[in-house]
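Asks: Using only what follows, build the 3D model:
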Amino acid sequence: MNRIWKWLLAIFVASALAACGGGSGSSESKVKTTVMVYLVASNLVESAAYDIEHMLAARSGTDVNVVLEIGGGTGPGTIAGVDMTKHARYQLKPNAAAEKGWSLVRMPDAQQPPQVAMNKPDTLRDFIKWSAQAFPADQYVLALWDHGGGPIVGFGNDNALGEGKAMLVNDIVSAIKSAGVSFELVGFDSCLMATLEVASMLSPYANYLVASEEVTTGWEWTALVSHLVDHPQTSGADLGKVIVQSYKTSERTNGRGELAFTAYSVTDLKRVGAVVAVLDKAASVLQDAIRTQGLDAWWTIASARRQSEDFQTNVLSPGMDLVDVKSWFHELGNAKMLSAELVAEFDKVYAAALVYTDVGESDASGLMMFFPRYSTLNAQLQSTYANLGFSPAYRGLISSYVAFARGSEMPRAVIGETQKASNLLTADVTTTFGAMKSAKALVGQNYDRGYAVLIKDGKAQALQQIDGTANQLRMEDPNLWPMVDGQVVSLLPLDGKDEDDTFVIPVYSVDEEEAGLLYAFKDDDGVLRIRFYAGAQQVSGAVSEMLEVDEGDEYIPLIFDVATQRLGRGASKLTAPAGDWVLKKSALTGNGYSVVIGATDLTGQLQWSTGAVSLPLAP
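Replies: Down below sits the predicted model:
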């Protein structure tokens, strides 16, 4: 080849490389890893600033790019040069002549996005495409930062331009697919996104997924970025493990690794297809059982669902209904709805797909999925799930399960009159069988959970879970109610389990201007201490990132209007103290209180006893 042709070829190659990596005007050369952080600040502006500051504090290096798209916030935030109500792109650049630390640099105007809401799939797509073109790398990592709500609610509540609504999982997957970039790791720095649905739908476009089955306080970004600098070609499995391990020891989780509701996992997405294949077999078996055995099969499935480990599944959170996948399979096996061979096949492929888990003290296994418990008759929610790009066989099972629950053969729980005897209240629970000509011998408890409701002036001041036998609800010591600072509050186990050591209190946050939940933990000394708050996004249904309760934070307990059946705010505020914030059961004082006993039936509907008993009861 003569010199002129070599010269022309060199120009052609250089032009081609520029088209691939520098088309956005960037002079960045190809590095080992580019991390794309899609940060939707929503009403977590302070948390966003906290994480950005921790990114900047990490060790710096030149083999890694970290680029961010920030916006959607309710306020500008406290990071210099960043207005989180405005949609903009940034880059971390190593500090000059420093071994540690980065600077946050705003990209030139020519590379900035239009002011379009960040909960739009096209916005996420364009960020991914721009990042890969302007910051080419051997591999890519995508971090999705904001609220999360599982397979039905989705991710990302843009409060500046997007009316607070979340981006559905179908839209997230569509954005990644159309961007044409394959990821080594996709991670959700958000709540409730470690689901089989999400993993399956992302599997064609990424190697690994890191996410949480539970609500979360957020990643430890200093550890994450420092690990990438030290190991710029790290695998998604190793990076995911660093994210999970550093999470529990971060300042937000008290720094001692004691956060009991941790439920993070790292999933090998190339092995998820085998898990879904076994799920399809199970779905076919269960759907056929409902078709041929009717109520007997439905009742057994519902009872197994009630016994499974679940997340954000209680009478206060009917829009989630998330169940741990492994626990669900095993309870169905215990109930003889699935064969031992099929459960063993599931265990094998599931263990291969889960690379790493840290589930605290819970029985979580790493991934969860939707199956209705309290949302069985919620037509809108069921319709949303039916349109999800997930297993048709499994969606068909849910459709059959829900259709039967709405049918004329479905039994209903009926709560009898509340009876009092000394310091005990009881109410019998019977079952009506609708159009069925004869009642079948149904095994087990004919209701889901029992509750007592404290009423004053026509409003439910508090709700607490109570015990019961197979056909009777029982409330011992009805004068005792959960109180904070002498004020009665509703108190429910986090996931509806009697043995739970984590409880939630429905409140309105004065500071955050939203309804949400206070989290109380039973410590080794048996004392319940309130430590965290998570706000419920009313528009999207998503649960907030966990926020540590600080001295002076103000909350108003939520009450229930019996006449209108709507939640509202109570009359008094609760203010977090400087030290331990303790919750305990105390005796009622004053007059005008009454209590009714109720239960949720196996479709998740709340039924109440006839009449009410006045409180306090005489000793």
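Asks: didn't residue 329 look like it was pressed against residue 345?
Replies: No. In terms of Cβ atoms under 8 Å, residue 329 does not count as a neighbour of residue 345; the distance is 9.9 Å. For every residue, glycine as well, the C-beta is placed using N, CA and C.
Asks: Okay, now the unreliable bits of the stretch 501-619 of the chain?
Replies: Across the stretch 501-619 of the chain, the ranges flagged by pLDDT under 70 are 536-546, 562-565, 619.
Asks: residue boundaries of the strands in it?
Replies: Counting by DSSP state E, counting those that start in this stretch, residue ranges of the strands within the stretch 501-619 of the chain are 502-509, 514-522, 528-535, 547-548, 554-561, 566-569, 574-575, 582-587, 593-600, 606-608, 613-615.
Asks: What pairs with the third one, parallel or antiparallel?
Replies: Looking at strand 528-535 with DSSP bridges, its paired strands and their directions are strand 514-522 (antiparallel), strand 547-548 (antiparallel), strand 582-587 (antiparallel).
Asks: so which of those strands is the most packed in?
Replies: Highest mean neighbour count among the strands paired with strand 528-535 (mean count of other Cβ atoms under 10 Å): strand 514-522, with a mean of 21.
Asks: picking that back up, please identify which of residue 329 and residue 345 sits among more neighbours.
Replies: Each of residue 329 and residue 345 had its neighbours counted (other Cβ atoms under 10 Å), and the higher figure belongs to residue 329 (25 against 18).
Asks: ok, now how distant is that one from residue 448?
Replies: Residue 329 sits 21 Å away from residue 448, going by Cβ to Cβ, to the nearest Å.
Asks: for residue 118, same thing?
Replies: Here residue 118 is placed at a distance of 38 Å from residue 448 (Cβ to Cβ).
Asks: These two: which has the busier surroundings?
Replies: The residue with more neighbours, out of residue 118 and residue 448 and counting by other Cβ under 10 Å, is residue 118; that gives 28 against 22.
Asks: in which helix or strand would I find that one?
Replies: Secondary-structure element containing residue 118, defined by DSSP states H and E: none, the residue being outside all helices and strands.
Asks: Check residue 329 too.
Replies: With elements delineated by DSSP H and E, residue 329 resides in helix 325-334, which encompasses its position.
Asks: repeat for residue 84
Replies: Residue 84 is located outside every helix and strand, with elements delineated by DSSP H and E.
Asks: Skip the chain neighbours and tell me the closest residue to it.
Replies: Setting aside the residues directly before and after it, residue 84 is nearest to residue 73 in space (Cβ to Cβ, 6 or more residues apart in numbering), at 3.1 Å.
Asks: Going along the chain, name the helices of the stretch 51-200 of the chain.
Replies: With DSSP state H, counting those that start in this stretch applied, the stretch 51-200 of the chain shows helices at 121-134, 150-153, 169-179, 196-202, listed in chain order.
Asks: Who are the packing partners of the third one?
Replies: The contact analysis (3 or more Cβ pairs under 8 Å, 6 or more residues apart in numbering; DSSP states H and E) places helix 169-179 against helix 121-134, helix 196-202.
Asks: closest one to residue 103 among those?
Replies: The closest of the helices and strands packed on helix 169-179 to residue 103 is helix 121-134. By Cβ to Cβ, the value is 17.5 Å.
Asks: Identify each buried residue in that closest one, please.
Replies: For helix 121-134, a neighbour-count test (16 or more other Cβ atoms under 10 Å) marks 121, 123-134 as buried.
Asks: Tell me what residue 474 is bridged to.
Replies: Each beta-bridge partner of residue 474 is listed here: residue 426, residue 467, as defined by DSSP bridges.
Asks: ok, it - contacts?
Replies: Taking Cβ atoms under 8 Å, 6 or more residues apart in numbering as the definition of contact, the neighbours of residue 474 are 424-426, 450, 466-468.
Asks: Then residue 553?
Replies: Applying Cβ under 8 Å, 6+ apart to residue 553 gives the contacts 509-511, 533, 575-576.
Asks: nearest spatial neighbour of the spatially most central residue of the chain, skipping sequence neighbours?
Replies: With the centre of the chain defined as its mean C-alpha position, the nearest residue by Cα atoms, centre = their mean is residue 192, 2.1 Å away. In space, and not counting its chain neighbours, residue 192 is closest to residue 150: 4.5 Å by Cβ to Cβ, 6+ apart.
Asks: ok now do the one you found, which residues does it touch?
Replies: Contacts for residue 150 (Cβ under 8 Å, 6+ apart) come out as 192-193, 195, 312, 320, 322, 368, 370.
Asks: sorry, back to before: if you average pLDDT over each of the helices of the stretch 51-200 of the chain, which is lowest?
Replies: The stretch with the lowest average pLDDT out of these is helix 150-153, scoring a mean of 90.
Asks: Return the alpha-carbon coordinates of that helix using CSV.
Replies: Once side chains and other backbone atoms are set aside, the C-alpha atoms of helix 150-153 remain, and they are given as CSV (Å, rounded to 0.1, in the frame of the first residue of the first chain):
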residue,chain,number,x,y,z
GLY,A,150,-41.9,-2.7,42.0
PRO,A,151,-43.3,-4.2,38.8
ILE,A,152,-46.6,-2.3,38.7
VAL,A,153,-45.6,1.1,39.9
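Asks: so how far is it off the chain centroid?
Replies: Taking Cα atoms, centre = their mean, to the nearest Å, one finds helix 150-153 lying 8 Å from the centre of the chain it belongs to.
Asks: Buried residues of the biggest helix by length in the chain, list them for me.
Replies: In the chain, assigned by DSSP state H, the helix with the most residues is helix 272-293. Under the neighbour-count criterion of 16+ other Cβ under 10 Å, helix 272-293 has 272, 274-276, 278-280, 282-283, 285-287, 289-290 buried.
Asks: Please apply the same query to stretch 70-89.
Replies: The neighbour-count check on stretch 70-89 (16+ other Cβ under 10 Å) flags 70-74, 77, 79, 82, 84-85, 87-89 as buried.
Asks: who's in contact with that stretch?
Replies: Contacting residues not belonging to stretch 70-89 are listed as 39-46, 48-49, 52-53, 67-69, 90, 104, 106-107, 111-119, 123, 127, 130, 146, 156-162 [Cβ under 8 Å, 6+ apart].
Asks: quick one: average confidence on that stretch?
Replies: This predicted structure assigns stretch 70-89 an average pLDDT of 93.
Asks: Fine by me, we can end here.
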